[in-house]
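**Q** got a sequence here, can you model it:
(one chain, ligands or ions: 1)
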Amino acid sequence: MRLRLDALGVEVGGTALLRALSLTVGVGEIVGLVGPNGSGKSTALRCVYRALAPTSGAVLLDGRALDSLPRREGARRVAALTQENGSELDFTVEEIVALGRAPHLRGNQALGERERELCRRAMADLDVLHLAGRGVLTLSGGERQRVLAARALVQEPDLLVLDEPTNHLDIRHQIDLLRLLRRTGTTVLIVLHDLNLAAAVCDRIGVLAAGELVTAGAPREVLTPELVRSVFGVTATVVPHPMTGAPQLLYALEPSEGTP
Ligand SMILES: Nc1ncnc2c1ncn2[C@@H]1O[C@H](COP(=O)(O)OP(=O)(O)OP(=O)(O)O)[C@@H](O)[C@H]1O
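**A** Numbering: from 1, shown residues only. As a prediction, this is how the structure comes out:
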């Protein structure tokens with residue numbers, strides 16, 4: 001599925017949170033949104049998973065306006081892992097993951113064998129199969145995040161919208177999740193704070209500051225020391241990854257020349 005944000009604007013109480021954001025995610029592409037705290041990344045994602053209606057502009061899925069899509073079809077085709085879906089329900093892990101299949105089922109239809117196998121596979125992929133019978137409220141932050149990622153993936157969406165999915169995950173599980181995203185071949189819009197992970201996984205990166213897109217392009221075009229200094233106010237040395245060539249940012253805690 002192709003996603004197009006077309007001059008997206010969001011205004012709340014007279015304040016612009018997002019201004020004329022235009023960005024395309026091609027079929028099977030992984031596009032990252034990065035930017036300082038409060039720059040509008042989650043606001044943009046909220047428009048895509050329909051938690052927020054934009055004030056101006058449009059979200060287009062395969063050229064079709066998102067708001068013209070029946071809710072059920074949207075729920076089937078777009079999966080979101082957000083900062084808001086910390087489940088308070090005292091469900092087991094397998095019950096939470098199975099909820100990901102709900103948009104594909106009719107009424108109270110039970111899960112068939114194929115559905116159950118999809119759930120098992122997603123739980124195995126996210127390394128939570130051993131937790132299947134556990135109450136989700138008893139899990140650690142990282143375990144819970146992996147369960148919610150499994151729920152999003154088991155939905156087999158055409159578009160995945162991920163807000164800081166590596167939150168709470170240890171480095172192995174961060175890498176496993178990003179590898180999995182690559183493998184699925186699904187169109188992905190992802191917010192990441194870790195610029196090195198963004199450079200490793202994203203085909204393209206859009207940089208937001210104060211609700212506006214500063215630049216967008218391939219990681220090596222976008223993640224320059226100048227950009228990192230002007231947008232984040234941080235001095236970084238950028239080196240190519242010795243194996244992949246992806247830009248990697250090195251930071252030093254010692255103040256360097258010219259650092260405020
Ligand atoms: N309903 C609202 N009313 C007023 N301001 C809001 C509302 N929702 C978000 N904001 C503000 O809009 C700005 C953008 O928020 P958003 O959550 O999109 O930022 P973000 O880039 O995702 O930040 P972070 O990196 O901290 O997660 C913030 O300053 C936030 O306080």
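**Q** residue 184 reaches residue 153, doesn't it?
**A** Yes. With contact defined as C-beta atoms under 8 Å, residue 184 counts as touching residue 153 (6.8 Å). The way it works is simple: take the backbone N, C-alpha and C, and place the C-beta from them, glycine included.
**Q** burial of residue 183, as a residue count?
**A** By other C-beta atoms under 10 Å, 9 other residues sit near residue 183.
**Q** shouldn't it be within a helix?
**A** Yes. Counting by DSSP: H, G, I helix; E, B strand; the rest coil, residue 183 is part of a helix.
**Q** around the ligand, which positions in this protein sit nearby?
**A** Within the chain, the positions near the ligand by C-beta under 6 Å from any ligand atom are 12, 17, 35, 37-43.
**Q** returning to what we had before: what's the overlap in contacts for residue 184 and residue 153?
**A** residue 160 (C-beta atoms under 8 Å, 6 or more residues apart in numbering).
**Q** hmm, back to that, I'd like the residues of the chain next to the ligand laid out as a markdown table, including pLDDT and neighbour count.
**A** Shown next, in a markdown table, are those (pLDDT from 0 to 100; neighbours: other C-beta atoms under 10 Å):
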| residue | pLDDT | neighbour count |
| --- | --- | --- |
| 12 | 94 | 11 |
| 17 | 97 | 20 |
| 35 | 98 | 22 |
| 37 | 97 | 6 |
| 38 | 97 | 13 |
| 39 | 98 | 23 |
| 40 | 98 | 24 |
| 41 | 98 | 25 |
| 42 | 97 | 19 |
| 43 | 97 | 20 |
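**Q** where helices are concerned, which of those residues count?
**A** Assigned to helices by DSSP state H, the following of those qualify: 41-43.
**Q** and the strands in the protein?
**A** For the chain, the strands defined by DSSP state E cover 3-12, 15-25, 30-34, 56-61, 64-65, 78-81, 159-163, 187-191, 204-209, 212-217, 236-240, 247-251.
**Q** I figured residue 27 was touching residue 186, is that so?
**A** No. The pair residue 27 / residue 186 is not scored as a contact, 9.4 Å apart, by C-beta under 8 Å.
**Q** of these two, which one has the most company?
**A** More crowded of residue 27 and residue 186, by other C-beta under 10 Å: residue 186, with 20 against 13.
**Q** out of the strands of the chain, which gets nearest to residue 129?
**A** The minimum distance between residue 129 and the strands of the chain falls on strand 78-81, with 18.6 Å, by C-beta to C-beta.
**Q** what packs against that closest one?
**A** Counting contacts by 3 or more C-beta pairs under 8 Å, 6 or more residues apart in numbering; DSSP states H and E, strand 78-81 packs against helix 41-48, helix 141-154, strand 159-163.
**Q** picking that back up, which members of the residues of the chain next to the ligand are the farthest-apart pair?
**A** Most distant of these, by C-beta to C-beta, are 12 and 35, 18.0 Å apart.
**Q** residue 5 and the ligand: what is the separation?
**A** 14 Å (C-beta to the nearest ligand atom, to the nearest Å).
**Q** partner residues bridging that residue?
**A** Beta bridges link residue 5 to residue 23, residue 59, judged by DSSP bridges.
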